[in-house]
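1. any chance you can model this:
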Amino acid sequence: MSRRSAVQERGGGARTALAALVIVVAAVVMMLLIRATPSSESFDPRSGNAMGTRGLVVLLEKYGADVQVSRSVPALGADARVFVIRDRLTDAERADLTDFVRAGGLAVVADPDSPLTADLGSSPFDFSDASTPADPDAASIARDDCDIGSLAHLSGIYVPAGVRYSVPADATACFGRGATAYAVARPLGEGTLVALGGNLPFVNAYLRYADNAAMATALLAPVDGTRVTIVLGNGAAKTAADIGTGETTLFGLVRPGVWMALAQLAVAFVLLALARSIRPGRPVREPEQVPIAGSELVSATGNLMQRAGHARKAGWLLRGRLYRTLCRRLHLSPTVPVADLDAAAARQLGTRPGEVAAVLDREAFDDASLMALAADLERMRLALFAPIDREPDREPDPEPDPEPEGVTS
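-> As a prediction, the model looks like this:
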C-alpha cells in the first residue's frame with residue numbers, strides 16, 4: 001500500500017467517525033431541549049391567530065382592566081365581570097355561573113349555542129354579503145333601537161355570522177328592531193346576564209371592524225381597574241398554562257433500558273469507525289514508477305490497428321510525430337500550418353521548398369503506402385536531425401612521424 005492510499009483511507013474513516021459523533025450529539029440535544037407545545041384552538045385568549053382572542057385581552061388591559069383567564073367561575077360575591085366567549089362549561093360550572101349572577105354579578109355570554117341563552121329563542125342573521133369588508137368602519141348591524149345604556153353611544157358593529165334573540169318583556173336590548181336584537185340584557189336575581197348573538201366580533205380577525213372593540217370595552221371594562229374573568233370551562237382544550245412548562249422533557253420519558261441500548265449502539269458505531277479509520281503500522285513508502293515507453297502496449301496497439309486496417313490513422317500518427325519534432329526544433333507553435341512549417345524548414349534547415357509539405361500532407365490508404373510513407377519520414381528525419389543529434393566527431397589521432405631517410409633497421 002502506498003503512503004497516499006494509506007492517508008486517504010485514514011482520512012475517510014476520520015470523517016465518518018466525526019459525522020457519526022455530530023449526529024449523536026444533535027439527537028441528544030434535541031431530546032433535551034424539545035418540549036411538546038399544545039396547539040391553540042379558536043377563541044383562545046392566548047392565541048394570536050385570526051380566530052384567537054389575544055387582541056381582546058390586550059385591548060381590555062390597555063383600558064385598565066385586570067384580565068384573568070380561568071377554567072372556573074369566580075366565587076360568589078367576587079368583584080369581577082365574567083365573559084364566556086365560547087361555552088365549554090360543564091353543567092356544574094353553568095350552575096355556578098348562574099349562582100354568581102343571581103348573587104349580584106354580571107356575566108356576558110357571546111356563544112349563541114350556549115344553554116345559558118337557549119330560553120331566549122333565536123333566529124339567524126339574513127346577510128346578503130357576509131364577506132370581510134375592505135372598509136374597517138363597515139358595519140353589518142346598525143344600532144337601531146337600543147335601551148342598554150352602556151351601548152347607546154355605538155353606531156354599529158360588524159358581525160359576519162350570528163343570531164338575533166327574542167327580547168323578553170323584562171329585558172333591555174340593543175342592535176335590533178322590534179322584538180329581536182343582537183344584544184339582550186336581562187336581570188337574573190340581583191345581577192345581569194348579557195346575551196350576545198355571536199362571538200366572532202371579538203376574535204383577532206374582526207375586532208378592528210366598526211364598533212366591535214368599543215362594544216367589548218363598554219361591556220367588560222367600562223371604568224379603569226375593572227376585573228374581568230374569561231371563563232374557558234373544563235371542556236376547552238388544554239393550553240400550555242394548564243399542562244405546565246416544567247422541566248420534564250423527552251429525555252425523562254424514555255426508560256433507562258432504552259437509553260442504555262442507544263448508548264451501546266452509539267459506542268459500537270464509534271469504535272467501528274475508529275477501527276476502520278486507524279491503519280496499523282507506519283505508511284510504507286514505495287518507489288514511484290518511472291515513466292518509460294510501454295513497448296508491449298505499443299506493439300499491441302500496432303497489431304490492433306493492423307488488423308482493423310487503420311493504415312490512414314497510423315500514417316497520421318507518424319506524420320504528426322515528425323510535425324511536432326520540426327515545430328520544436330524550429331521554435332514554432334504546435335499549431336502552425338504545414339505550409340509555414342515547410343517555408344521555415346527551407347530557410348533554416350536548407351530543405352527544398354515543398355519537400356516537407358509533400359511528406360506531411362501524404363495520406364496512407366493501405367499497408368504498402370503506409371510502409372512507403374514511414375520510410376520517407378524516417379529518411380527525412382535522419383537527413384534533417386541526424387547531424388545535429390549525433391555526438392561531435394573526435395579529433396583524429398596524429399600521424400606518426402616519418403622515419404628519417406637513409407636509416408635502415
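2. for this protein, just list every one of the helices.
-> 3-33, 54-62, 91-102, 212-220, 240-243, 250-253, 256-277, 295-308, 311-329, 338-348, 355-360, 367-389 (DSSP state H).
3. make JSON lines out of those helices and add distance to L116.
-> All C-beta spots, glycine's among them, are computed from the backbone N, C-alpha and C. What follows is these, written out as JSON lines (distance: least, CB to CB, whole Å):
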{"stretch": "helix 3-33", "distance to L116": "44"}
{"stretch": "helix 54-62", "distance to L116": "20"}
{"stretch": "helix 91-102", "distance to L116": "6"}
{"stretch": "helix 212-220", "distance to L116": "16"}
{"stretch": "helix 240-243", "distance to L116": "23"}
{"stretch": "helix 250-253", "distance to L116": "40"}
{"stretch": "helix 256-277", "distance to L116": "50"}
{"stretch": "helix 295-308", "distance to L116": "99"}
{"stretch": "helix 311-329", "distance to L116": "101"}
{"stretch": "helix 338-348", "distance to L116": "107"}
{"stretch": "helix 355-360", "distance to L116": "109"}
{"stretch": "helix 367-389", "distance to L116": "111"}
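4. okay, the ones you listed, which one's buried deepest?
-> helix 212-220 (a mean of 21; mean count of other CB atoms under 10 Å).
5. so which elements touch that helix?
-> helix 54-62, strand 81-84 (3 or more CB pairs under 8 Å, 6 or more residues apart in numbering; DSSP states H and E).
6. just how off-centre is that helix within its chain?
-> 43 Å (CA atoms, centre = their mean, to the nearest Å).
7. so where's this structure shaky on pLDDT?
-> 1-14, 17, 30-40, 126-132, 235-253, 279, 289-309, 386-409 (pLDDT under 70).
8. okay, now the domains of it?
-> Per the record, the chain has its domains at 3-35+254-277, 54-243, 299-386, by automatic domain parsing.
9. can you add distance to V284 and give the ones you listed back as a markdown table?
-> Shown next, in a markdown table, are the domains of the chain (distance: least, CB to CB, whole Å):
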| stretch | distance to V284 |
| --- | --- |
| domain 3-35+254-277 | 7 |
| domain 54-243 | 64 |
| domain 299-386 | 32 |
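10. ok, which of these comes nearest R46?
-> Closest to R46 of these, according to CB to CB: domain 54-243, at 6.0 Å.
11. ok, which of the helices and strands packed on helix 212-220 comes nearest R255?
-> Nearest of those (CB to CB): helix 54-62, 38.9 Å.
12. need the residues that contact the closest one.
-> For helix 54-62, the surrounding residues in contact (CB atoms under 8 Å, 6 or more residues apart in numbering) are 44-48, 67, 69, 85, 202-204, 207, 213, 216-217, 220-221, 228, 230.
13. orientation of that helix relative to helix 212-220 in degrees?
-> 60 degrees (axes from the mean of the first three to the mean of the last three CA atoms, to 10 degrees).
14. mind exporting helix 54-62 as PDB, just the C-alpha atoms?
-> Output of helix 54-62 as PDB, limited to C-alpha atoms (Å, rounded to 0.1, in the frame of the first residue of the first chain):
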ATOM      1  CA  ARG A  54     -55.400  37.600  22.300                       C
ATOM      2  CA  GLY A  55     -56.300  41.000  20.800                       C
ATOM      3  CA  LEU A  56     -59.300  41.300  23.100                       C
ATOM      4  CA  VAL A  57     -57.200  40.600  26.200                       C
ATOM      5  CA  VAL A  58     -54.600  43.300  25.100                       C
ATOM      6  CA  LEU A  59     -57.400  45.800  24.400                       C
ATOM      7  CA  LEU A  60     -59.000  45.300  27.800                       C
ATOM      8  CA  GLU A  61     -55.700  45.600  29.600                       C
ATOM      9  CA  LYS A  62     -55.000  48.800  27.700                       C
END
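15. as TSV, the helices and strands packed on helix 212-220 with distance to R164 would be great.
-> Shown next, in TSV, are those (distance: least, CB to CB, whole Å):
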stretch	distance to R164
helix 54-62	23
strand 81-84	19
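16. relative to A345, which of those is closest?
-> Per CB to CB, nearest to A345 of the helices and strands packed on helix 212-220: helix 54-62, 93.4 Å.
17. what's the spacing between the closest one and its chain's center?
-> The answer for helix 54-62 is 35 Å, by CA atoms, centre = their mean.
18. verify the stated contact: N199 with A110.
-> Yes: with contacts counted by CB atoms under 8 Å, N199 reaches A110, the gap being 4.0 Å.
19. what touches both of the two?
-> 85-86.
20. which one's the longest strand in this protein?
-> Looking across the chain with DSSP state E, the single longest strand is strand 180-188.
21. now that one and helix 212-220, what's the angle there?
-> Using the same axes, to 10 degrees: strand 180-188 against helix 212-220 is 20 degrees.
22. contacts for strand 180-188?
-> In contact with strand 180-188 (CB under 8 Å, 6+ apart) are residues 98, 101-102, 120, 123, 141, 145, 148, 151, 157, 159, 162, 164-168, 170-176, 192-198, 215.
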